[in-house]
Structures are given as structure tokens and as C-alpha cells.
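Colleague: Let's see this in three dimensions:
(one chain, ligands or ions: 1)
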Amino acid sequence: MSNELIYPLRMPSIEEVIPEIEKYKIKFQGVKIYGADIIHPNWKTFCGVRWDYVAIFNRYNESPDSYAHSDSTNPKLTKTWGINFHINGYSLFEHYNHEDVTSFRVAPYAEHFRINAGPTKTYYMPEGVYLVNTHLPHRVVSYQDRISISLRCSLMYNVEWNDIVERFKDYIIDQPLSNKIPEYLAEGKGIEPLTTESKSVVIPFN
Ligand SMILES: [Fe+2]
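Modeller: Coordinates of the predicted model:
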């Protein structure tokens, strides 16, 4: 089953998982990190995974990242993944092979890569919940006011992707995602790399 890098999941609404989600829907560009205490107790150990942080990504089409990135700078914890709730909009998620990118900057939470060739896989992600593999360098182009709320367990960034997929298999919707945004949404929306870079805000947590 695990030949894909993103799977749609059958999950309850974000309001059920993070009851005070309205508080976190702040307009910003980049990522904010929160402790797992914002997760409802019923979902703190979903499928036996003890989440340790929540990353909220806000990226708007007006200034998509010109670069790809990886989610971890820890060489022992590179098998990054998460469960992402996408609300308020849609996005195209692009995975790149390491041979097709050049590392140029390491930020506190990510390594950034210049993109030298096209993505190896792309996934159209309308509003919904997704199990997302972020091992490979990746870039997300977001449309409308899309927010992605990502449940993370950094202690499991060393687990094989197959095992992660197996763990959540009962929740996976067996329907492959499209590799491009629908024609009617794509009109007039270029997704070529741009030069502007989004700013990231990292809120420390324990
Ligand atoms: Fe990422």
C-alpha cells in the first residue's frame, strides 16, 4: 500500500481534535509551532502515537516559497511525517529527489534546497486530512487562505514510512489523489518557482 507519499485519511473535524482551533487561525506567512497540549485528550495518543507538537502552516499563493525544504535538521531523525488537516483552501504538494535539489541554508527547523529540476511526485490536496511523508525535499503551493494544521511526533521521525502507513491503515481512504490541481482552479494560477521567500516564525516549546 505504501507506494504513495501522501494518503487521504478519514478523520473527524479539526474542531474535534483541537477544540480551540479558532484561536490559532491567525493570518501570517510561514509556520508557527505549538505544544501538544492544544490537542483534545481523546486524540493525544491517536493510534498509539503520542504527538509532541503541532505545526500550523500558512502559505498564500501570492508568495509561495521559491525553494524546497526538509522538515528536520537532525541527521538521526530525517524520516519526517505528519497528519495534516487542510482547511480554508487547497494546495499542491511537490516532492523532489535529492539529486534534483541543492542544499543552501539550514534554519532552526528545516534545511532549504534550491530546485534544479521538476518534482518527482505532486499531490493535489483539497480541504481534508492527510497522512504526509516529508522525508524528501518538498514544497507546497497553497491557494486561497489555506491553513495546514499538522500533528507531529518527532520521536517517530526514525520510523520507516511503511510502518507509519500500516499504523494508520484503518483510516486511509483508498482513493488516489490527483497529481495536479483541477483545470477550473488552475486557470491563471502559475506554480513556477518565484523569487520571494516566506518568513517563518517559530514559537519555542518544551
Ligand atoms: Fe515541510
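Colleague: And the contacts of the longest helix along the chain?
Modeller: Among the segments of the chain that qualify as a helix by DSSP state H, the longest is helix 161-167. Contacts to helix 161-167, defined as CB atoms under 8 Å, 6 or more residues apart in numbering, come from residues 1-2, 5, 7, 47-49, 79, 81, 131, 133, 135, 156, 172. Bear in mind the C-beta positions are built from the backbone N, C-alpha and C, glycine included.
Colleague: Could you export these as CSV, including pLDDT and neighbour count?
Modeller: Output for the contacts of helix 161-167, formatted as CSV (pLDDT from 0 to 100; neighbours: other CB atoms under 10 Å):
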residue, pLDDT, neighbour count
Met1, 57, 10
Ser2, 62, 16
Leu5, 96, 22
Tyr7, 97, 24
Cys47, 94, 12
Gly48, 94, 6
Val49, 97, 19
Lys79, 93, 18
Trp81, 96, 23
Leu131, 98, 24
Asn133, 96, 22
His135, 87, 18
Met156, 94, 18
Ile172, 97, 18
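Colleague: Go through the residues you listed and name the one nearest His95.
Modeller: Minimum distance to His95 across the contacts of helix 161-167 is 5.5 Å, recorded for Leu5 (CB to CB).
Colleague: What ranges in the protein fall below the confidence cut-off?
Modeller: Filtered on pLDDT under 70, the chain yields the residue ranges 1-2, 60-64, 188-206.
Colleague: For it, just list every one of the strands.
Modeller: For the chain, the strands defined by DSSP state E cover 6-9, 30-35, 53-58, 68-70, 81-95, 101-106, 111-115, 121-125, 128-133, 138-152.
Colleague: Dump those to CSV, plus distance to the ion.
Modeller: Output for these, formatted as CSV (distance: least, CB to the ion, whole Å):
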stretch, distance to the ion
strand 6-9, 12
strand 30-35, 8
strand 53-58, 8
strand 68-70, 6
strand 81-95, 8
strand 101-106, 13
strand 111-115, 10
strand 121-125, 13
strand 128-133, 8
strand 138-152, 6
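Colleague: Please state the offset of stretch 22-31 from the chain centre?
Modeller: 15 Å (CA atoms, centre = their mean, to the nearest Å).
Colleague: For it, measure first residue to last.
Modeller: This stretch, stretch 22-31, spans 16 Å end to end (CA to CA, to the nearest Å).
Colleague: Let me see the residues that make contact with stretch 71-80.
Modeller: 70, 82, 106-111, 133-135, 154, 157-161.
Colleague: mind saving the C-alpha coords of that stretch as PDB?
Modeller: Taking C-alpha atoms only, stretch 71-80 is exported to PDB below (Å, rounded to 0.1, in the frame of the first residue of the first chain):
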ATOM      1  CA  ASP A  71      11.300  19.100   8.000                       C
ATOM      2  CA  SER A  72      14.200  18.100  10.200                       C
ATOM      3  CA  THR A  73      17.800  19.200  10.600                       C
ATOM      4  CA  ASN A  74      18.600  16.300  12.900                       C
ATOM      5  CA  PRO A  75      20.500  13.700  10.900                       C
ATOM      6  CA  LYS A  76      19.200  10.900  13.200                       C
ATOM      7  CA  LEU A  77      15.600  12.000  12.700                       C
ATOM      8  CA  THR A  78      15.100  12.500   9.000                       C
ATOM      9  CA  LYS A  79      12.100  10.300   8.300                       C
ATOM     10  CA  THR A  80       9.700  13.100   8.900                       C
END
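Colleague: Done for today, thanks.
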